[in-house]
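> generate a structure from the sequence data that follows.
(one chain, ligands or ions: 1)
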Amino acid sequence: MNIVHHPTDEVLLDYASGALGESWCIAIATHLALCPACRAAYESVEALGGGFLETAASGSEPELSFESLLKRIDDDTTERQEEVFVDDLPGPVPICPNPLREYIGNDLEEVAWQRLGLGAYQYVIPTNDASITARLLRIPAGQMVPEHSHRGREMTLVLAGSFSDTTGDYGRGDLQQADEDLEHQPVAALGEDCICLAITDAPLRFRSLAARMVQPFLGI
Ligand SMILES: [Zn+2]
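Numbering: from 1, shown residues only. Here you go, the predicted model:
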């Protein structure tokens with residue numbers, strides 16, 4: 001597994017501080033389970049968070065800024081990264097790492113898939129989030145998703161297969177963060193269906209009339 005697309009430092013900080021909603025957390029926790037580099041960064045954030053609270057309480061460093069915190073994370077991660085890569089999780093990581101397994105089980109074949117158009121399927125994951133949707137998407141190998149943009153934020157984490165768009169290639173463990181600025185047409189790679197965990201806080205905006213017409217029935 002060669003993960004090249006990671007969550008931003010800001011998202012990792014939000015996750016560490018408890019500022020992210022449940023659905024976003026599923027994606028970040030699952031990425032962390034698959035990504036040794038981000039696990040190391042996250043452990044640094046946690047360690048620094050504890051240290052920051054202690055120094056703030058003692059009054060010795062009251063002006064620790066967001067930028068200086070990120071810099072300290074960067075420095076710390078550079079030192080630790082090699083060690084963490086060597087000391088990886090023992091044995092193969094299951095297709096659904098633990099944070100996600102608690103929501104859907106480990107067997108993707110057992111998921112109650114709901115049919116979308118174009119041979120694609122979805123499963124909406126039950127969460128306590130009212131306004132954010134977490135879903136599994138299963139896109140057939142070689143299939144193109146209709147071109148769309150976003151009305152809000154979207155996180156897509158690849159669990160199996162891969163997809164590509166103008167921003168790059170995304171394989172297992174890769175996380176794409178999109179917002180209103182990204183208009184894209186992801187294509188699942190040949191050979192294996194692409195199964196993703198997709199988190200959205202607003203409906204997508206499809207370009208084609210046909211896709212827009214069926215959109216209310218799909219709930220995407
Ligand atoms: Zn990562």
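> right, and the helix or strand after the worst-scoring helix or strand of the chain on mean pLDDT?
The helix or strand of the chain with the lowest confidence, counting by mean pLDDT, DSSP states H and E, is helix 66-86 at a mean of 47. Per DSSP states H and E, the first helix or strand lying C-terminal to helix 66-86 is helix 98-104.
> in its sheet, what does the next helix or strand after that following helix sit against?
Toward the C-terminus, helix 98-104 is succeeded by strand 114-115 as the next helix or strand (DSSP H and E). Applying DSSP bridges, strand 114-115 is found paired with strand 121-124 (antiparallel).
> list the buried residues of the partner strand.
Residues of strand 121-124 classed as buried under the neighbour-count rule (16 or more other CB atoms under 10 Å) are 121-123. The C-beta positions use only the backbone N, C-alpha and C, and glycine is treated the same way.
> now S149, nearest residue through space, not along the chain?
Leaving aside its sequence neighbours, S149 sits nearest to E183 (CB to CB, 6 or more residues apart in numbering; 4.0 Å).
> cool, A188 as well?
Distances taken as CB to CB, 6+ apart put C194 closest to A188, at 3.8 Å, once the chain neighbours are dropped.
> does that neighbour touch D165 like I think?
No: using CB atoms under 8 Å as the test, C194 is too far from D165 to be in contact (11.7 Å).
> which one's more surrounded, those two?
Ranked by neighbour count (other CB atoms under 10 Å), C194 and D165 place C194 first, with 29 against 19.
> quick check: bridge partners of that one?
I139.
> next one, pLDDT for it please.
As predicted, C194 sits at a pLDDT of 94.
> any idea how far it is from A120?
C194 is 9 Å from A120, where distance means CB to CB, to the nearest Å.
> who touches both of the two?
Taking CB atoms under 8 Å, 6 or more residues apart in numbering as the contact rule, C194 and A120 both touch 137-139.
> whichever of these end up buried, select them in ChimeraX.
Remark: buried members of these, expressed as a ChimeraX selection using 16+ other CB under 10 Å:
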select :137,138,139
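> which one of the shared contacts of C194 and A120 is nearest H31?
Lowest distance from H31 to these (CB to CB) belongs to L137, with 16.2 Å.
> please pull up the helix or strand immediately following the strand or helix carrying that closest one.
When elements are assigned from DSSP H and E, L137 belongs to strand 133-139. Once the chain leaves strand 133-139, the next helix or strand it forms, by DSSP H and E, is strand 148-150.
> can you list contacts of that next one?
178-180, 182-185, 200, 202, 204-207, 211.
> what about the residues you listed, which are in strands?
Members of the contacts of strand 148-150 lying in strands (criterion: DSSP state E): 178, 200, 204-206.
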